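**Q** I'd like to go over a predicted model; first the sequence, then the structure.
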Amino acid sequence: MQFIINTGHPGLSFSSCLLNIAQASFDLYDQIMSNRSQLLSYKTWHHHGEVKQLYECTTSEQLRELNQQLEIALEDNQISTALITDSQYHEPVCLAVFGISSYLEQYTSHLKRFHICPSRFFNTNDENKANEQTHASSSDTVRKQ
């Protein structure tokens, strides 16, 4: 199973990255469960290894193109995909792919492995606001004592 994250997405934070991967895995799992041959492959994969890989692409267009290429190859190579699109920007954020590794490598070998904690995920605006609110509420609690 492979997950490709669009690191060029403007609203991508650490938490949204994790949420999009989770949503993509749920969608992919639903798709696999509805296809008998994929279900057998999934059960074999689940009992013998469960290799998961995380890759990155840098643009929405790159992720769309990869999804289109994989959709063309779906039937011939028994590949399942799930594309997650951000509702605010209407841009793809995460693509989950399941299939035989040798087939998937034909499409993802040019992608760079994704390191889940790049520096841009730290101190994002959303997290700063949350930290400020938490700090303010804990300061209030200390003052009340």
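**A** Cool, the structure landed. Numbers count the residues shown, from 1 in each chain.

**Q** nearest spatial neighbour of the residue most central in space within the chain, skipping sequence neighbours?
**A** The structure's the chain has its C-alpha centroid closest to residue 21; by Cα atoms, centre = their mean the separation is 3.2 Å. Excluding the flanking residues, the one nearest residue 21 by Cβ to Cβ, 6 or more residues apart in numbering is residue 3, at 5.3 Å. C-beta: built from backbone N, CA, C; applies to glycine.

**Q** three-state assignment of that neighbour?
**A** Using DSSP: H, G, I helix; E, B strand; the rest coil, the structure places residue 3 in strand.

**Q** Please enumerate the helices of the protein.
**A** 14-33, 36-47, 60-72, 74-77, 101-108, 125-144 (DSSP state H).

**Q** Turn those into CSV, columns for mean pLDDT and distance to residue 90.
**A** Listed next are these as CSV, based on pLDDT from 0 to 100; distance: least, Cβ to Cβ, whole Å:
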stretch, mean pLDDT, distance to residue 90
helix 14-33, 91, 14
helix 36-47, 82, 28
helix 60-72, 91, 9
helix 74-77, 70, 24
helix 101-108, 86, 24
helix 125-144, 47, 20
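
**Q** Now distance to residue 8 too, for these, in TSV please.
**A** Shown next, in TSV, are the helices of the chain (distance: least, Cβ to Cβ, whole Å):
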stretch	distance to residue 8
helix 14-33	13
helix 36-47	30
helix 60-72	7
helix 74-77	26
helix 101-108	17
helix 125-144	18
